[in-house]
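A.B. asks: Give me coordinates for this.
(4 chains)
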Number of protein chains: 2
Amino acid sequence: MDPAWQRSAVAQDLSFLLARSNALSLAVGNAALRDFGLKVRSYPVLSLACDDLRPTQRELADFLRLDPSQVVTLIDDLERQGLVERRPDERDRRSKVVVATSAGRRVCAAARAAVLDAEEHPFAVLSPEEREQLADLLRRVAFPG
Amino acid sequence: MDPAWQRSAVAQDLSFLLARSNALSLAVGNAALRDFGLKVRSYPVLSLACDDLRPTQRELADFLRLDPSQVVTLIDDLERQGLVERRPDERDRRSKVVVATSAGRRVCAAARAAVLDAEEHPFAVLSPEEREQLADLLRRVAFPG
DNA sequence: TATTGTTATACTCTATAACTATA
DNA sequence: TATAGTTATAGAGTATAACAATA
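C.D. replies: Next up, the predicted model:
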């Protein structure tokens, strides 16, 4: 059955292929992060906090294309697990800067390794060169301008 | 801000780039389909019904990686709009085959044109050759084996 | 007056289990 | 007994509006 279905009209759509690939990647990613109490949604927040960018919640919301209220609950979870802390922003007392704790840095490093390892599954069909090619193309779609 | 953030660790992950690209494509796709009473989730069902593959609900669930119960509600919607019909499968009376009505075919053709047109926005940064390259890479990820 | 973070709310999506009718 | 479709339900994700503190 599949061969004929793969020649169907929808299966040629870039948006359909993107959605399907993402669904696979999402499932694999969440499974890999489960051991660390993280999800595909919370891991980027922790990772950005670990990159010493001292992001405010507003900046995280903009970059991750999430509503500010969603960022609140993601950070609530990470803070409850002792992985990040909210610090007052000296330059603007309305803002709160998200910084990683030392525990957060350890968990993030381990989680990153697990994610990269898990990515082998959905992307194993591609060679290292093809993966880099795919990353380049997606980078331009994901970050136009 | 963005340039520094784009060099962050997560922004290098294939899974993150895929998720972000998909989020953009999803928003654009749903906006384009809204006029036709369709969504990114229901359009593939209608499109496959229009391809004369005479899919059963089970086959649709397998191909779209959806739970059979989700297929039920998607087809309920499409049937309520008069775009598809459930027909008994002569070969297995447990199964139901989903076929497009003539109205469904008209709507599907118009919706497909709108989707292809809307895809210009997220993928406009890529040349036609690059888009085909991206489609080839994603096809192999989305349909391994 | 505008913005940051927060709370509350509702709506969609996703996952699961149980039921029925057929095989 | 196993499978196709259905129903019901709960959890996760997403979007929106309103509010307090600060700019």
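
A.B. asks: End to end on stretch A:28-47, go ahead and measure it.
C.D. replies: One end of stretch A:28-47 to the other measures 18 Å (Cα to Cα, to the nearest Å).

A.B. asks: Run through who's touching that stretch.
C.D. replies: Stretch A:28-47 is contacted by residues A:26, A:60, A:64, A:71, A:74-75, A:77-78, A:81, A:83-84, A:98, A:100, A:104, A:107-108, A:110-112, A:114-115, A:117-119, A:121-122, B:8-10, B:15-16, B:19 when judged by Cβ atoms under 8 Å, 6 or more residues apart in numbering or on different chains. (C-beta placed from N, C-alpha, C; glycine too.)

A.B. asks: For chain A, what lies in contact range of DNA strand C?
C.D. replies: Residues of chain A found near DNA strand C, taking Cβ under 7 Å from any atom of the strand as the criterion, are A:23, A:27, A:56-58, A:61, A:68-69, A:72-73, A:75-76, A:86, A:89, A:92, A:94-96.

A.B. asks: Contacting DNA strand D as well, which ones from those residues?
C.D. replies: A:69, A:92, A:94.

A.B. asks: if we can go back for a sec, and the residues of chain A next to DNA strand C, which of them are buried?
C.D. replies: A:23, A:56-57, A:61, A:75, A:86, A:95-96 (16 or more other Cβ atoms under 10 Å in any protein chain shown).

A.B. asks: Nearest to chain B among the residues you listed?
C.D. replies: Minimum separation from chain B among these (Cβ to the nearest Cβ) is found for residue A:23, which lies at 6.0 Å.

A.B. asks: Backbone dihedrals for that closest one, please?
C.D. replies: Here is the backbone geometry of residue A:23 (degrees, to the nearest 10): phi -60, psi -40.

A.B. asks: The one 3 residues further on too?
C.D. replies: The phi and psi values for residue A:26, taken as degrees, to the nearest 10, are phi -60, psi -50.

A.B. asks: So it sits against residue B:19, correct?
C.D. replies: Yes. Here residue A:26 reaches residue B:19: they are 6.9 Å apart, a contact under Cβ atoms under 8 Å.

A.B. asks: Just want to know which of these two has more residues nearby.
C.D. replies: residue B:19 (22 against 18; other Cβ atoms under 10 Å in any protein chain shown).

A.B. asks: restrict the residues of chain A next to DNA strand C to contacts with chain B.
C.D. replies: Applying Cβ under 8 Å from any Cβ of the partner chain, the subset of these adjacent to chain B comprises residue A:23.

A.B. asks: ok so, going back, kindly reformat the ones next to DNA strand D among the residues of chain A next to DNA strand C as a markdown table containing secondary structure, pLDDT and distance to residue B:3.
C.D. replies: Listed next are these as a markdown table, based on DSSP: H, G, I helix; E, B strand; the rest coil; pLDDT from 0 to 100; distance: Cβ to Cβ, whole Å:
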| residue | secondary structure | pLDDT | distance to residue B:3 |
| --- | --- | --- | --- |
| A:69 | helix | 97 | 27 |
| A:92 | coil | 96 | 22 |
| A:94 | coil | 97 | 25 |
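
A.B. asks: Pick the one among the residues you listed closest to chain B.
C.D. replies: For chain B, the closest of these turns out to be residue A:92, at 14.5 Å, with distances computed as Cβ to the nearest Cβ.

A.B. asks: shaky segments in chain A?
C.D. replies: Applying pLDDT under 70 to chain A flags the ranges A:1.

A.B. asks: one step back: widest-spaced pair of the buried ones among the residues of chain A next to DNA strand C?
C.D. replies: A:23 and A:95 (35.1 Å; Cβ to Cβ).

A.B. asks: ok, how many other residues are close to residue A:140?
C.D. replies: The criterion is other Cβ under 10 Å. On that basis, residue A:140 has 17 neighbouring residues.

A.B. asks: Excluding sequence neighbours, find me the nearest residue to it.
C.D. replies: For residue A:140, ignoring the flanking residues on the chain, the nearest one in space by Cβ to Cβ, 6 or more residues apart in numbering or on different chains is residue B:125 at 4.9 Å.

A.B. asks: Just read off the phi/psi values of that neighbour.
C.D. replies: phi -70, psi -10.

A.B. asks: So it versus DNA strand D, what's the distance?
C.D. replies: From residue B:125 across to DNA strand D, the span is 22 Å (Cβ to the nearest atom of the strand, to the nearest Å).

A.B. asks: Secondary structure element for the residue sitting nearest the centre point of chain A, which one?
C.D. replies: Within chain A, the residue whose C-alpha comes closest to the C-alpha centroid is residue A:44; the distance, by Cα atoms, centre = their mean, is 4.2 Å. Secondary structure assigned from DSSP states H and E places residue A:44 in helix A:43-50.
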